[in-house]
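Engineer: My questions concern the predicted model and sequence given below.
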Amino acid sequence: MPKLDNWSATYVSNDPFLAPELNWGTLQGIVSGHPEFRDGDFVIIGRIVDITEDNHIITKGGSEYTLGETDQGYEQLYPEAKLRLYEQLRKIFKKEQNV
C-alpha cells in the first residue's frame with residue numbers, strides 16, 4: 001500500500017478568484033510503494049473522499065494511502081497533526097473512531 005511521508009496539508013490552488021467549492025484541501029508529501037510513482041517522488045494526492053477504520057486515506061481516484069511521518073515544519077505549526085487530521089476526516093465522513 002502506498003505510504004505518504006513528510007506530509008502536510010495543502011490546497012489545490014492559491015488562485016484568489018477560484019470558487020471556494022473548486023479549491024479543496026488535500027495532502028502532499030514523499031510517496032513510497034505506489035505503482036505509478038517512484039519511491040521518493042514528491043506528490044500531491046487527489047481529493048480525499050474517505051478514511052478507513054485503519055486510518056487509510058482514500059482519494060477520489062481510488063488510491064489508498066497510509067500516513068507516515070508528518071513534515072517537521074507542519075508538525076511545529078500544528079502539533080499532533082496526524083491525529084487531528086484523522087479526527088477531522090472522521091467527522092467529515094461520519095465515521096466511528098478506531099484508534
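Structural biologist: Cool, the structure landed.
Engineer: What is the lengthiest helix in the chain packed up against?
Structural biologist: The residue-count maximum for a helix in the chain (DSSP state H) belongs to helix 81-92. Secondary-structure packing of helix 81-92 (3 or more CB pairs under 8 Å, 6 or more residues apart in numbering; DSSP states H and E): strand 3-11, strand 48-51. Using the backbone N, CA and C atoms, a C-beta is placed for each residue, glycine as well.
Engineer: Which of those sits closest to residue 41?
Structural biologist: Nearest to residue 41, of all the helices and strands packed on helix 81-92, is strand 3-11, at 10.8 Å by CB to CB.
Engineer: buried residues in that closest one?
Structural biologist: By 16 or more other CB atoms under 10 Å, the buried positions in strand 3-11 come out as 3, 4, 6, 7, 8, 9.
Engineer: now, which of those sits nearest residue 45?
Structural biologist: Using CB to CB, those come closest to residue 45 at residue 4, 6.8 Å.
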